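Visitor: Okay, here's the prediction I keep looking at, along with the sequence it came from:
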Amino acid sequence: MYFYLQLAFTLLVCAFLIVPVFMSITAGLTSNYFVGIKSGFTFRWIIQVWGLYSDTIWLTMKIALVTTLINLCVGVPCAYYLARTRSKFSAFLDECLTLPIAIPGMAIALGLISVYGGFSDFRMSWLFILVGHVIFTLPFMVKSVLAVLQSINFRLLEEGAASLGASFWQRFFHVIVPNCKTGIVSGILMTLTLSAGEFNLTWMLHTPITKTLPVGLADSYASMRLEVSSAYTLIFLGMILPLLIAAQWLNRKPKRPA
Amino acid sequence: MKQSKQYYLLIIPVVIICVAFFLLPMVKLLWLSLAEQNGISYWYILTKPMYLKSLLSTFLLSFVVTIASLVIATMVGLFLTRYEFKGKSLLVAMLSFPLVFPGVVIGFFVIMLAGRQGLFAELGLALVGERWTLAYSISGLFIGYLYFSIPRVVLTVMGAAEKLDYNLIEAGRSLGANRWQLLRDVTLPALTPGLISSGSICFATSMGAFGTAFTLATNLNVLPMTIYTEFTLNANFAMAAALSLILGFITWLCLTIARRQGGSSLGMGG
């Protein structure tokens, strides 16, 4: 009895989360949403969205990929440093890196505009959005690599390598990096999804020539037909759902003891 | 000595990025908020009804959303950890996907559910012959905030519930405790740290949720919308800076509480 009551409640909550997703998927493929599904299915809206907004899609991909690259080059060494050293400075650095998660995107964006808004070349280019995305996603990369490093005994591995004559950089690239592969992969997936969907910062940082997909979404929600907005949302979901599924699959795999 | 130099080499880029694009802007923001008549903006926030109301209503809304999500998510989370059944992993997956949807998309989902042509409107039309539109009022914001809060709390509750000591529950049962007594005296106390941590994360997210409010374009002045209007329409940079810093301080406080309780603060957005 209690089981079915709880099951019904859980299903209701799931429906609350999933039904709108399906509604917007069908709306994006329906000829006329007012008439309903019987008006037939069409790709017309998707084609229209592609015509209107394809540049936002490319820019979003570009920014997400470059953000990920920067996070890799910068975040992985940083995580290693944080795992390795325990000093006042590393605690402070850790705090500074985590803060952008806590501070609302708007505040960071306002700060960036107030400092760099005057450099118009920088302000007008996509690099301005990139900077915001790096600040916002870097902590996630660092944390997920750090979590893996803290769960394995990397010092022992390093000592072994050192005793065999491996230099500092050899140890870093051939011992540390391969061992935190799962952390790096989940950091990459997280960076890609977060950057692709980032709106709070991006809305403040974007200019008419640098619009990302979420910015375009807000724009289409405000001014376009329900079908166009839905088709655009559908494209967005198509972009991030593979990343989400990959992330889930990665988390489900049993963690190997080191 | 050479060793420690190499370690510093590893973090030079991070330090540069962090200082140039985060610390410096934050300091500038603080300076701006204080520059105008020795920080009169902060005084205005406390005395002018417009700002105070915005701050308080955001606070109240976030608080109600947090409590509602905690109740709903605890029920769902406990159910999902306690029972094994077919299709359970699918349910868990469906509950965790919305975690990374950006606030604008969630705002659109609220329109799909409760907008003028939404599900609720159709339902109301069929049942009582009147369209129920909740999307563009405070109830719309409530639905949207609930949407991104529930997954967050459910996952934490499930994580905490998996570590529950079932011997205690068995012991309680053998001593004759009923369902509610078990829940109150055994299960909930064990879940409390997780609930506090996920509750504070969900409060912080709701306080700062800009995208959802922006999409629903409500006349309700929640704090992020007030900041946005001050900055874009009124060009009142000092006020926007002061409000953002207050908002930032509140969310930072929440997340510090969450971290003390050992929760992870993943997936901020909204």
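Guide: Nice, thanks for sending it over.

Visitor: Where does the prediction get shaky in the stretch 101-250 of chain B?
Guide: Confidence mapping of the stretch 101-250 of chain B against pLDDT under 70 gives zero matching residues.

Visitor: Which positions in it make contact with chain A?
Guide: Proximity of the stretch 101-250 of chain B to chain A (CB under 8 Å from any CB of the partner chain) is limited to residues B:101-105, B:107-113, B:117, B:119, B:146-147, B:150-151, B:179, B:204, B:207-208, B:210-211, B:214-215, B:217, B:224, B:227-228, B:231, B:237, B:240-241, B:244-245, B:247-248. Yep, even glycine has a C-beta here, placed from its N, CA and C like the rest.

Visitor: so which residue of the stretch 51-200 of chain A comes closest to chain B?
Guide: Closest approach of the stretch 51-200 of chain A to chain B (CB to the nearest CB) occurs at residue A:111, with a separation of 2.7 Å.

Visitor: Tell me if I'm right that that residue and residue B:20 touch.
Guide: No - with contacts counted by CB atoms under 8 Å, residue A:111 stays clear of residue B:20, the gap being 11.3 Å.

Visitor: what about residue 130, neighbour count?
Guide: As the question left the chain open, I've gone with chain A. Residues near residue A:130, counting by other CB atoms under 10 Å in any protein chain shown, number 19.

Visitor: not quite, I wanted chain B
Guide: Look at residue B:130: counted by other CB under 10 Å, it has 9 neighbours.

Visitor: for the one 5 residues further on, same thing?
Guide: The burial metric for residue B:135, expressed as a neighbour count using other CB under 10 Å, is 27.

Visitor: residues contacting the closest residue to chain A within chain B?
Guide: The nearest approach of chain B to chain A comes at residue B:25, 2.7 Å away (CB to the nearest CB). Residue B:25 makes contact with A:108, A:110, A:111, A:112, A:114, A:115, A:116 under the criterion CB atoms under 8 Å, 6 or more residues apart in numbering or on different chains.

Visitor: any idea how far it lies from residue A:133?
Guide: Distance from residue B:25 to residue A:133, counting by CB to CB, to the nearest Å: 14 Å.

Visitor: Please say which of residue A:111 and residue B:20 ends up with more neighbours.
Guide: When residue A:111 and residue B:20 are compared on other CB under 10 Å, the one with more neighbours turns out to be residue A:111, at 28 against 15.

Visitor: host element of the more buried one?
Guide: Take DSSP states H and E as the rule and residue A:111 turns out to sit in helix A:105-116.

Visitor: Now do that helix: distance to the chain's middle.
Guide: Taking the mean C-alpha point of helix A:105-116 and that of its whole chain, the gap between them comes to 20 Å (CA atoms, centre = their mean, to the nearest Å).

Visitor: pLDDT of the helix or strand just after that helix, averaged?
Guide: Per DSSP H and E, helix A:105-116 leads on to helix A:120-124 as the next helix or strand towards the C-terminus. In this model, helix A:120-124 has a mean pLDDT of 86.

Visitor: got the angle between the next helix or strand after helix A:120-124 and helix A:105-116?
Guide: Where DSSP H and E defines the elements, the next helix or strand beyond helix A:120-124 is helix A:126-151. Between the axes of helix A:126-151 and helix A:105-116, defined by axes from the mean of the first three to the mean of the last three CA atoms, to 10 degrees, the angle is 120 degrees.

Visitor: Can you tell me what sits against the helix holding residue A:111?
Guide: Around helix A:105-116, the neighbours that count as contacts under CB under 8 Å, 6+ apart are A:100, A:122-123, A:128, A:131-132, A:135-136, A:198-205, B:21-22, B:24-26, B:28-29, B:32, B:208, B:210, B:224, B:227-228, B:231, B:237, B:240-241, B:244-245, B:247-248.

Visitor: cool, stretch B:130-146 as well?
Guide: Stretch B:130-146 is contacted by residues A:16, B:57, B:61-62, B:64-65, B:68-69, B:72, B:103, B:106-107, B:109-111, B:113-116, B:118, B:120-121, B:123-125, B:205-206, B:209, B:212-213, B:216-218, B:220, B:222, B:270 when judged by CB under 8 Å, 6+ apart.

Visitor: swap in stretch B:237-254?
Guide: Contacts of stretch B:237-254 from elsewhere in the structure, counted by CB under 8 Å, 6+ apart, are A:99, A:102-104, A:106-107, A:110, A:114, B:29-30, B:32-33, B:35-36, B:39-42, B:44-45, B:51, B:55, B:200-201, B:203-204, B:207-208, B:223-224, B:226-228, B:230-231.

Visitor: Return a PyMOL selection command for the buried portion of the residues you listed.
Guide: Buried residues within the contacts of stretch B:237-254, as defined by 16 or more other CB atoms under 10 Å in any protein chain shown, are selected in PyMOL through the command that follows:
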select buried, (chain A and resi 99+102+103+104+106+107+110+114) or (chain B and resi 29+32+33+41+42+44+45+51+55+200+201+203+204+207+208+223+224+226+227+228+230+231)
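
Visitor: Now intersect the contacts of stretch B:237-254 with the helices, please.
Guide: Cross-referencing those with the helices (criterion: DSSP state H) gives A:99, A:102, A:106-107, A:110, A:114, B:29-30, B:32-33, B:35, B:40-42, B:44-45, B:51, B:55, B:200-201, B:203-204, B:207-208, B:223-224, B:226-228, B:230-231 as the overlap.
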